[in-house]
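K.L.:
Here is my input, please return the structure:
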Amino acid sequence: MSVKRRNYVLLGLVAVAVLGPTSSVLAETGANRFVLVQNDLEDSMKREALDAARYTLFARQARERGNQDLAAVFERVANTEQTAHLQRLASLAGGEVTITPAEQDAELAKLPNQSDEANLRSAMTNERFQANTMRSDMVNRALKYGDIEAAQTFLNVGEGEIKNLLEFRSALKQLKRSQPQSTTAGS
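P.N.:
Below you'll find the predicted structure:
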């Protein structure tokens, strides 16, 4: 989430906290308020569980290629997804992850065995999408329906996604520095 966008979201949190949710919005939506936010929580939990599994797979692939440092980065982020993000969302949602091992295996089977650099770029794209698009949409939806706790949770998890993205960016720079520079002869 960009700094400008984060400031607008924080301003929205303050406005709702001070003014309270708009009663007409809550009256119009009725039971849908909880359902929409709950759906976002459950979707987030599934994504975090899949991300943890994906990054664990990427760590194994990096380790098999002899890149222990990169494997450690993927394992650290997988652990963050599993413990910090997933647990925070699950405690708010009041439930466990609703993804089965078979669903997880099917999703992982779709992933090609790519280079370490390609895996990093894929992870960065995923974290960027979650931080900038998905989480901010969820924060805004939770604010719209007056669920401050969910909005704050989405905001906190989104900040965690940004930290993951920055860690992956740093790992990519390190990977590029460690790769031998290829020179091509000009014609």
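K.L.:
just checking, next helix/strand downstream of the helix or strand bottoming out on mean pLDDT in the chain?
P.N.:
In the chain, no helix or strand scores lower on mean pLDDT, DSSP states H and E than helix 23-29, which sits at a mean of 36. Sequence order places helix 32-64 as the next helix or strand after helix 23-29, per DSSP states H and E.
K.L.:
Let me see the mean pLDDT of that next one.
P.N.:
Helix 32-64 carries an average pLDDT of 89.
K.L.:
Show me how far that helix is from its chain's centre.
P.N.:
7 Å (C-alpha atoms, centre = their mean, to the nearest Å).
K.L.:
Extract the C-alpha set from the helix or strand following it and format it as CSV.
P.N.:
Remark: after helix 32-64, the chain's next helix or strand is helix 68-79, criterion DSSP H and E. Provided in CSV are the C-alpha atoms of helix 68-79 (Å, rounded to 0.1, in the frame of the first residue of the first chain):
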residue,chain,number,x,y,z
GLN,A,68,20.9,-21.5,1.3
ASP,A,69,20.5,-17.7,1.9
LEU,A,70,17.5,-17.4,-0.5
ALA,A,71,16.0,-20.5,1.0
ALA,A,72,16.2,-18.8,4.4
VAL,A,73,14.4,-15.7,3.1
PHE,A,74,11.6,-17.8,1.6
GLU,A,75,11.3,-19.8,4.9
ARG,A,76,11.2,-16.6,7.0
VAL,A,77,8.4,-15.1,4.9
ALA,A,78,6.5,-18.4,4.8
ASN,A,79,6.7,-18.4,8.6
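K.L.:
hmm, who's touching stretch 167-181?
P.N.:
For stretch 167-181, the surrounding residues in contact (C-beta atoms under 8 Å, 6 or more residues apart in numbering) are 67, 69-70, 73, 76-77, 116-117, 120-121, 123-124, 127. C-beta here means a position set from N, CA and C on the backbone, and glycine is covered the same way.
K.L.:
Looking at those residues, spot the one nearest residue 148.
P.N.:
Checking those against residue 148 with C-beta to C-beta, the nearest one is residue 127 at 25.0 Å.
K.L.:
For residue 101, see how far away that closest one is.
P.N.:
24 Å (C-beta to C-beta, to the nearest Å).
K.L.:
more crowded one of these two?
P.N.:
residue 127 (25 against 8; other C-beta atoms under 10 Å).
K.L.:
quick check, nearest of the contacts of stretch 167-181 to residue 152?
P.N.:
The nearest member of the contacts of stretch 167-181 to residue 152, counting by C-beta to C-beta, is residue 127 at 19.9 Å.
K.L.:
SS state for that closest one?
P.N.:
Of the three states, residue 127 takes helix according to DSSP: H, G, I helix; E, B strand; the rest coil.
K.L.:
you'd agree it is up against residue 161?
P.N.:
Yes - between residue 127 and residue 161 there is a contact at 4.9 Å, judged by C-beta atoms under 8 Å.
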